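Engineer: any chance you could fold what I've pasted below:
(one chain, ligands or ions: 1)
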Amino acid sequence: MKKVYLETFGCQMNVSDSERVSTVLARDGFEITSDQLSADVVIINTCSVREKAEHKLYSHVGRLRKKAKLKMPVIGVMGCVAQLEGETLFKKIQGVDFVLGTRAVGRISNAVNETLSGRSGYLDVGEREDDYDWTVADTHRHSPYVAFLPIIEGCNKFCTYCIVPFSRGRERSLTASDIVRQVLELRRNGVKEVHLIGQNVNSYRPQTDSGLEQFAGKSAFSRLLRAVAATGIERVKFTTSFPRDFRDDIVDAIDEHENLCNWVHLPVQSGSNKVLKAMKRGHTIEKYLAKIDRIKASPRDIALTTDIIVGFPGETEPDFLDTVKMVEYCGFDMAYMFKYSPRPETPAYEMSDDVSPAEKTLRFMELERAQKHSQDRQLQKYLNKVLKVLPETASSRSDSGLTGHSTCHKIVNFEGSNEMLGQIVDVRITEIKTNSLFGEVIK
Ligand code: SF4
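Structural biologist: Got it, this is the predicted structure:
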């Protein structure tokens, strides 16, 4: 039996694609291994959101080749870099044997079999088959208790800095009845928490309403949330949300259904309307803050997280200070912050990258300070509070420790036995750290 080792970079969509690829390969007679050195085939699932990640791939393949002294594996590249670069990857990176795009994951076994039987330069960046099976991977998920379920793929938004619409193609939504069927199946198989995922999950727009008719509400996504909540699965999370399509009825659904978790990830990117317009984000800061106000007014105490870019072309000091002000106002539990770097083949690449690297670093550090200050204050509210936590793994920090996530998507560490894994427990929070909380189980 040939052994396949998979390495995944990037977002939850990539994790989900890797799970699907592992499931397909195992079904087709391959063994999925966690030992890279013994593998006959190494597949790298790539991310292209940052150009740096792409460059890392080049050195990574080189290292793989060097490491594999005894046994030279077949090397395949899949994911966004594969989709964007296609055939040119063979020229750019010595030692790549096959390239498989984001829409060809269902045909992974062909790529591997063809390459193992001696074909060189196998390339598949074609479209999905019409009868593509969207069923979520069941045998090779990253966790037995948590499942990522893609409900929408691709993106139509074309934010000027972003490569995703080019690497993942146009938006396509799965039907609501398929989603509900899969959630019911996951629940039967012991999954406690399902993440509905997509580049902009709340832009969900299925071609037909089948499966949603009985749910009142305005947007298709809020109706889908209600339908998924009605399956009775213990926890539902969703990410990433696109601000322009984030309607109040999503918060109404969270307010009314306990199993829709109290966490929203809503990337703002900038606090300046001028910069938001240059980014083509489709929302103003006033509209964004109105959504934040609605979320904060929820009795569910919804945790907020976001993404921010500093130093976008044309960002002046006053624009940047608007971002700092916005961060102080919103009170994010966490913000993923990035210094802008031009990504080839995006519209922003043509703009003048006029904020100097030194200035970007200064702004980044100032924003980090502001966010840390706000976050420290924000997280104090969890001290002595009892959170419902799903223990997912043994903690790497102690022999008898467990790690899991709360409904508000905080990482929580606590003492506990392995029998608790997969069982939702009440944990009183006793210590707050920047990236995680610590606590004790309430008997
Ligand atoms: S919404 Fe904008 S940032 Fe998000 S994936 Fe689409 S183009 Fe990229």
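Engineer: mind checking how far residue 381 is from residue 442?
Structural biologist: Distance, residue 381 to residue 442, by Cβ to Cβ, to the nearest Å: 18 Å. Heads up, the C-betas are built off the backbone N, CA and C, glycines and all.
Engineer: compare those two (neighbour count), which wins?
Structural biologist: residue 381 (14 against 9; other Cβ atoms under 10 Å).
Engineer: chain neighbours aside, what residue packs nearest to that one?
Structural biologist: Closest residue to residue 381 apart from its sequence neighbours, by Cβ to Cβ, 6 or more residues apart in numbering: residue 301 at 8.0 Å.
Engineer: could you do residue 415 as well?
Structural biologist: residue 400 (5.4 Å).
Engineer: where does that neighbour land on pLDDT?
Structural biologist: Residue 400 carries a pLDDT value of 75.
Engineer: what do you get for the one 5 residues further on?
Structural biologist: Residue 405 carries a pLDDT value of 97.
Engineer: and it, how many neighbours?
Structural biologist: Counted by other Cβ under 10 Å, the residues lying close to residue 405 total 22.
Engineer: next one: residue 366
Structural biologist: Counted with other Cβ under 10 Å, the neighbours of residue 366 add up to 15.
Engineer: that one contacts residue 327, doesn't it?
Structural biologist: No. Counting by Cβ atoms under 8 Å, residue 366 stays clear of residue 327, with 10.3 Å between them.
Engineer: name the residues of stretch 331-348 that come out as buried.
Structural biologist: 332-335, 337-340, 343, 346, 348 (16 or more other Cβ atoms under 10 Å).
Engineer: meant to ask about stretch 351-369, not that
Structural biologist: Buried, per 16+ other Cβ under 10 Å, within stretch 351-369: 351, 353, 355, 359-360, 362-364, 367.
Engineer: which of those sits closest to residue 295?
Structural biologist: Each of the buried residues of stretch 351-369 was checked against residue 295 using Cβ to Cβ; the closest is residue 367, at 21.3 Å.
Engineer: the closest residue to residue 86 other than its chain neighbours: what's it in contact with?
Structural biologist: Leaving aside its chain neighbours, residue 86 sits nearest to residue 125 (4.9 Å; criterion: Cβ to Cβ, 6+ apart). Applying Cβ atoms under 8 Å, 6 or more residues apart in numbering to residue 125 gives the contacts 82-83, 86, 99-101, 103-104.
Engineer: can I get the buried residues of stretch 351-369 in JSON lines with distance to residue 427 and pLDDT?
Structural biologist: What follows is those, written out as JSON lines (distance: Cβ to Cβ, whole Å; pLDDT from 0 to 100):
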{"residue": "351", "distance to residue 427": "47", "pLDDT": "97"}
{"residue": "353", "distance to residue 427": "46", "pLDDT": "96"}
{"residue": "355", "distance to residue 427": "43", "pLDDT": "97"}
{"residue": "359", "distance to residue 427": "43", "pLDDT": "98"}
{"residue": "360", "distance to residue 427": "39", "pLDDT": "97"}
{"residue": "362", "distance to residue 427": "39", "pLDDT": "98"}
{"residue": "363", "distance to residue 427": "37", "pLDDT": "98"}
{"residue": "364", "distance to residue 427": "34", "pLDDT": "98"}
{"residue": "367", "distance to residue 427": "31", "pLDDT": "98"}
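Engineer: of these, which is the nearest to the ligand?
Structural biologist: Nearest to the ligand among those is residue 351, at 15.6 Å by Cβ to the nearest ligand atom.
Engineer: ok, how many other residues are close to the nearest residue to that closest one once chain neighbours are set aside?
Structural biologist: Nearest residue to residue 351 in three dimensions, chain neighbours excluded: residue 313, at 3.9 Å (Cβ to Cβ, 6+ apart). The local packing of residue 313 (other Cβ under 10 Å) involves 19 other residues.
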